[in-house]
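Colleague: generate a structure from the sequence data that follows.
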Amino acid sequence: MLKYTLKRFVMMIATILIIATLTFVLMHSIPGSPFNEERTTNEAIQENLERFYKLDQPLPVQYAYYLKSIVTFDFGPSIKKPNESVNELLARGFPISFELGMTTILVAVISGILLGTFAALRHNGVIDYAAMTFAVFGISIPNFVLATLLIQKLAVDWNILPPATWSSPLHMILPVAALATGPMAIIARLTRSSMLEVLTQDYIKMARAKGLSPFRIIARHALRNALMPVVTIMGTMLAGILTGTFVIEKIFAIPGMGKYFVESINNRDYPVIMGTTVFYSSFLVFMLFLVDIVYGFLDPRIKLHKKEGEA
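Modeller: Got it, this is the predicted structure:
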């Protein structure tokens with residue numbers, strides 16, 4: 001297991017380096033300068049600004065400074081907000097985005113597992129058909145479309161929930177619902193199909209023959225094995241949810257990282273773009289790394305397979 005973990009860790013570092021390099025190359029391949037849209041025509045001021053942000057240096061030198069900022073986690077000041085550093089923007093916006101993303105994941109996982117389990121236990125029944133119909137709609141509707149519909153109906157027409165911002169638990173309901181519906185539908189369908197397969201296994205029949213209660217059979221024996229496919233897709237789903245918060249944050253006017261990221265792209269704010277990209281990609285890659293490690297602990301067949309391969 002230690003060898004497996006070290007291998008995944010090295011792959012994680014290499015992935016972050018590749019993402020950082022691609023971000024640097026793409027940003028500097030765009031023609032022009034971040035200061036081209038400034039109203040001032042004073043070339044001396046523009047040259048001083050480029051010198052201050054080290055944009056007058058050759059690309060290899062800029063790349064070296066860029067890697068240094070990643071290692072030291074100091075991305076410098078923002079171009080459009082020179083009085084604020086990228087680290088300050090991250091410290092202000094990331095906790096909100098993290099809260100939104102983690103709440104969404106928690107709601108999606110719990111609701112999806114419960115929905116899929118009940119659908120499997122009531123196979124070909126009303127609950128099964130209703131759950132799968134809901135899952136189809138949840139997968140089919142993009143989260144930004146669902147967000148618009150929720151705002152229009154629940155906030156504007158019926159005035160049940162607040163439409164925007166992030167100042168109370170009530171403000172969390174609509175954005176979390178818009179983000180969690182799709183992943184919840186996927187988890188529900190996956191849990192249902194996996195649970196139906198597990199319930200036909202011999203060890204489940206043996207547990208029933210021993211007189212174990214249905215709850216104990218499901219909770220202790222069936223659910224653990226049925227959740228293996230869910231754990232497998234959690235890494236990709238986590239990345240999708242956390243990056244999808246950018247769009248939802250813009251729609252609901254949530255002051256998270258999505259706001260600063262979109263503004264930085266529009267303003268060509270190199271430090272903010274590269275800082276947020278590297279920070280988010282590092283966070284997501286690290287979460288994928290954790291998912292791989294957890295999967296290795298949950299499924300001993302991974303370690304067994306590796307030992308057989310070495311033999």
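Colleague: Tyr65 and Asp56 touch, don't they?
Modeller: No. With contact defined as Cβ atoms under 8 Å, Tyr65 does not reach Asp56; the gap is 11.8 Å. Bear in mind the C-beta positions are built from the backbone N, C-alpha and C, glycine included.
Colleague: next secondary structure after the strand or helix carrying Asn266?
Modeller: Asn266 is part of helix 257-267, with elements assigned from DSSP states H and E. Tracing the chain C-terminally past helix 257-267 and defining elements by DSSP H and E, one meets helix 270-298 next.
Colleague: and that next one, how far from the chain's centre?
Modeller: How far helix 270-298 lies from its chain's middle: 9 Å, per Cα atoms, centre = their mean, to the nearest Å.
Colleague: on contacts alone, who are the packing partners of it?
Modeller: Packing partners of helix 270-298 (3 or more Cβ pairs under 8 Å, 6 or more residues apart in numbering; DSSP states H and E): helix 2-28, helix 59-72, helix 86-121, helix 228-251, helix 257-267, helix 301-310.
Colleague: closest one to Thr148 among the ones you listed?
Modeller: helix 228-251 (7.1 Å; Cβ to Cβ).
Colleague: any buried residues in the closest one, and which?
Modeller: 230, 234-235, 237-251 (16 or more other Cβ atoms under 10 Å).
Colleague: can you tell me which of the helices and strands packed on helix 270-298 is nearest to Ile141?
Modeller: Ile141 lies closest to helix 228-251 among the helices and strands packed on helix 270-298, at 13.2 Å (Cβ to Cβ).
Colleague: average pLDDT across the closest one?
Modeller: Mean per-residue pLDDT for helix 228-251: 79.
Colleague: compute the inter-axis angle for that helix and helix 257-267.
Modeller: 60 degrees (axes from the mean of the first three to the mean of the last three Cα atoms, to 10 degrees).
Colleague: relative to helix 270-298, how tilted is helix 228-251?
Modeller: Using the same axes, to 10 degrees: helix 228-251 against helix 270-298 is 160 degrees.
Colleague: what is helix 228-251 packed up against?
Modeller: Counting by 3+ Cβ pairs under 8 Å, 6+ apart, helix 228-251 packs on helix 86-121, helix 143-150, helix 169-198, helix 257-267, helix 270-298.
Colleague: save those as JSON lines, and put in distance to Ile204 too.
Modeller: Shown next, in JSON lines, are those (distance: least, Cβ to Cβ, whole Å):
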{"stretch": "helix 86-121", "distance to Ile204": "12"}
{"stretch": "helix 143-150", "distance to Ile204": "36"}
{"stretch": "helix 169-198", "distance to Ile204": "7"}
{"stretch": "helix 257-267", "distance to Ile204": "45"}
{"stretch": "helix 270-298", "distance to Ile204": "18"}
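Colleague: and stretch 218-238, how far out from the chain middle?
Modeller: Worked out by Cα atoms, centre = their mean, stretch 218-238 lies 18 Å from the chain centre.
Colleague: residues contacting that stretch, please?
Modeller: 101, 105, 108-109, 112-113, 117, 120-121, 183, 186-187, 190-191, 194-195, 197-199, 201, 203-204, 207, 284, 287-288, 291-292, 294-295, 298-299 (Cβ atoms under 8 Å, 6 or more residues apart in numbering).
Colleague: next, Pro77: phi, psi?
Modeller: Main-chain dihedrals, Pro77, degrees, to the nearest 10: phi -80, psi 160.
Colleague: quick one, the helix holding Asn266 and helix 86-121 angle?
Modeller: 130 degrees.
Colleague: list the buried ones in helix 257-267?
Modeller: Within helix 257-267, the residues that qualify as buried are Met257, Gly258, Lys259, Tyr260, Phe261, Glu263, Ser264, Asn267, counting by 16+ other Cβ under 10 Å.
Colleague: that helix packs against which elements?
Modeller: Against helix 257-267 (3+ Cβ pairs under 8 Å, 6+ apart) you get helix 86-121, helix 228-251, helix 270-298.
Colleague: can you list those in a markdown table and add distance to Leu49?
Modeller: Compiled in a markdown table, the helices and strands packed on helix 257-267 are given as follows (distance: least, Cβ to Cβ, whole Å):
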| stretch | distance to Leu49 |
| --- | --- |
| helix 86-121 | 16 |
| helix 228-251 | 28 |
| helix 270-298 | 12 |
